[in-house]
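> Sequence and predicted structure, then a few things I'm wondering about:
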Amino acid sequence: MSSNNIEVIVVKNAQEGGKKAAELVANELEKGLKVIGLPTGGTPETMYAELRDSDLDFSDVVAINLDEYIGLGADHPQSYAYFMNEQLFNHKSFKETHVPAGLADEEEETARYNKVIEDNPIDLQILGIGTNAHLGFNEPGSDFDGLTRKVDLVESTIESNKIYFDSVDDVPRTAYSMGLGSIMGAKKVLLLAYGENKADAIANAINGDITEDVPASILQKHDDVVFIIDEAAASKL
């Protein structure tokens, strides 16, 4: 059963998807976007390239990132803080940027980050999706009401991320992640997915049962969701 609140835009490839996503961000800025939730990983890179090259002004916008590896400092080349600086924050000035601190105390950091989200309600949350339909690092079985917390990464996620490290042994096994409850609190959600390996996750997220085994299926309960996916990721819809 497809939920009528999810708008699906099918594009040819990740390049076209990046353009479409950047257009949507520009539209939201025009409507008064003040807080944006941002993802990392390969999927949003074409969107970040479009945003870097645009004349969009983010100086009034607060950026809040989804997650960060535990054990990596912001200056570590594989940290998400470093990634965001390279992809966007060194090129565009924001009012504030927030990425979980990978070296901080667990209790203090999760409390701090949840407070950041509480104080800055997210207008637009941009997401990728894992092959197992995870959002952020909310793996299958994650509580739909969950807030920012420490999570254990599952084997498939570690496998997917090892391409960014010298060896699989270097991939951190834990991360701080915004929870599904925090993600669902955003006014609007934009999810990006490219490639055939995402086709099952997309089909299950949009047309499957709403179940914690498929974290992204919770988006069927959100009022305003846009999926920008390429033909390969849409192949099982």
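The structure has been received and is ready for your questions. In this text the structure is predicted, and so the values were computed from the model without any measurement. Numbering: from 1, shown residues only.

> Every contact and neighbour count from this point should use C-alpha atoms.
Fine.

> show me where this protein has strands.
6-11, 35-38, 62-65, 67-69, 96-98, 124-127, 149-152, 174-177, 188-193, 225-230 (DSSP state E).

> among those, which is the most enclosed?
Looking across the strands of the chain with neighbours counted as mean count of other C-alpha atoms under 10 Å, the highest average goes to strand 67-69: a mean of 27.

> Let me see the mean pLDDT of that one.
Confidence over strand 67-69 (mean pLDDT, whole number) is 97.

> likewise stretch 165-183?
Confidence for stretch 165-183, expressed as mean pLDDT, is 95.

> do you know how far V11 is from Y69?
V11 sits 31 Å away from Y69 when distances are taken as C-alpha to C-alpha, to the nearest Å.

> ok, back up a step: so which of the strands of the chain gets nearest Y164?
Proximity to Y164 (C-alpha to C-alpha) singles out strand 67-69 among those, at 12.7 Å.

> And that closest one, what does it pack against?
Applying 3 or more C-alpha pairs under 8 Å, 6 or more residues apart in numbering; DSSP states H and E, we find strand 67-69 packed against helix 80-84, strand 174-177.

> ok, now with 10 Å
Contact analysis of strand 67-69 by 3 or more C-alpha pairs under 10 Å, 6 or more residues apart in numbering; DSSP states H and E lists helix 80-84, strand 149-152, strand 174-177 as its packing neighbours.

> closest to G195 out of those?
helix 80-84 (21.7 Å).

> quick one: contacts of that closest one?
When contacts are defined by C-alpha atoms under 10 Å, 6 or more residues apart in numbering, helix 80-84 is touched by residues 38-41, 48, 65-69, 72-77, 86-87, 89-90, 97-102.

> Flag every buried residue along the longest helix along the chain.
Across the chain, the longest stretch assigned as helix under DSSP state H is helix 14-30. By neighbour count on 16 or more other C-alpha atoms under 10 Å, the buried set for helix 14-30 is 14-22, 25-26, 28-29.

> Give the buried residues for stretch 171-186.
With burial defined by 16+ other C-alpha under 10 Å, the residues of stretch 171-186 counted as buried are 171-180, 182-186.

> now, among those, which is nearest to V214?
Nearest to V214 out of the buried residues of stretch 171-186 is L180 (C-alpha to C-alpha; 11.6 Å).

> who's in contact with that closest one?
134-138, 142-148, 215-216, 218-219.

> Give me the buried subset of those.
134-138, 142-144, 146-148, 215-216, 218-219.

> what about the protein, any weak spots by pLDDT?
The chain contains residues with pLDDT under 70 at 1-4.

> make it 50
When residues are selected by pLDDT under 50, those of the chain lie in 1-2.

> thinking A74 is in contact with H98, fair?
No. Using C-alpha atoms under 10 Å, A74 makes no contact with H98, being 11.3 Å away.
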